[in-house]
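Enquirer: one predicted model, sequence on top.
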Amino acid sequence: RISDLLVIRSPGNQFNDPNSSDVKLTLSSKDGISITMCVHRQILVAHSRFFAMKLSDRWSKQQLPPSSSPYIVEISDCDDVEVYIETLMLMYCRDLRKKMMRHDVSRVLGILKVSAAIGFDAGVLSCLEYLEAAPWSEDEEYRIASLLSELHLENVGATEVLRRVSVEASNGNNGSNGGSNDEVLLNLLHIVLEGKDEKARRDMKTLVSKMLRENSSGNDLRKESLYLACDGCLHK
């Protein structure tokens with residue numbers, strides 16, 4: 001699968017093109033996978049704050065003569081090399097939305113995590129737009145809420161996705177998924193308590209308040225969970 005990604009390119013796409021590239025990027029995973037590909041400094045710097053910082057100063061100081069080998073960059077301990085490669089490929093893509101539609105929710109969540117880590121804002125926004133419109137399973141709903149809570153993306157467009165999470169969790173309160181709804185709501189609560197963007201926090205407060213009211217007559221939400229969430233925020 002990884003080798004296929006590196007070989008297949010649409011006409012005009014320069015990803016992994018050894019003839020035009022000026023950077024050799026090696027990705028290594030925790031389980032021992034190591035892949036080297038040919039990429040372009042200009043594209044990486046234009047799309048990723050991480051690569052802009054990594055390449056800009058060092059490039060000007062260590063840039064090699066035109067006849068020399070490409071600059072070498074190594075990224076170690078990748079969680080998923082395949083997802084990292086697909087995220088980099090999106091930087092070369094003219095229509096991110098169209099490209100994203102080929103993936104499922106699980107893969108988009110992986111791309112979202114990598115995009116957020118390397119400061120690839122266009123990738124983050126494309127993932128959020130996909131998640132806002134795509135159908136979810138109950139398990140995927142929990143994973144979405146958990147990841148958004150972890151990444152704190154409410155100031156870059158995640159509010160609408162979180163709004164949908166809260167609505168679907170509320171709609172499921174009368175079913176048999178109380179434990180899952182409890183966890184989803186607590187993830188949203190953490191976003192409200194820890195969020196830095198005031199407008200996003202206000203929007204999320206409204207959603208969480210609605211969910212708390214709808215949970216008030218049932219046993220889905222444990223008081224101990226609410227206490228621990230608030231207490232943990234106060235002691236940070």
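Expert: Okay, I see it.
Enquirer: give me the phi and psi angles of residue 23.
Expert: With angles defined as degrees, to the nearest 10, residue 23 shows backbone torsions of phi -140, psi 130.
Enquirer: and the nearest residue to residue 33 once chain neighbours are set aside, what is it in contact with?
Expert: Nearest residue to residue 33, sequence neighbours excluded (Cβ to Cβ, 6 or more residues apart in numbering): residue 81, at 5.1 Å. For the C-beta atoms, the positions are set from N, CA and C on the backbone; glycine is no exception. With contact taken as Cβ atoms under 8 Å, 6 or more residues apart in numbering, residue 81 is in contact with 2, 27, 28, 29, 33, 35.
Enquirer: with residue 103 instead?
Expert: The contact partners of residue 103, taken as Cβ under 8 Å, 6+ apart, are 86, 111, 130.
Enquirer: so the second one is in which element?
Expert: Under the criterion of DSSP states H and E, residue 111 resides in helix 105-118.
Enquirer: buried ones in that helix?
Expert: Under the neighbour-count criterion of 16 or more other Cβ atoms under 10 Å, helix 105-118 has 105, 107, 108, 109, 110, 111, 112, 113, 114, 115, 116, 118 buried.
Enquirer: before we move on, the earlier item: quick one: which of the contacts of residue 81 has the most company?
Expert: In terms of neighbours by other Cβ atoms under 10 Å, the contacts of residue 81 top out with residue 27 at 22 neighbours.
Enquirer: roughly how far apart are that one and residue 139?
Expert: 28 Å (Cβ to Cβ, to the nearest Å).
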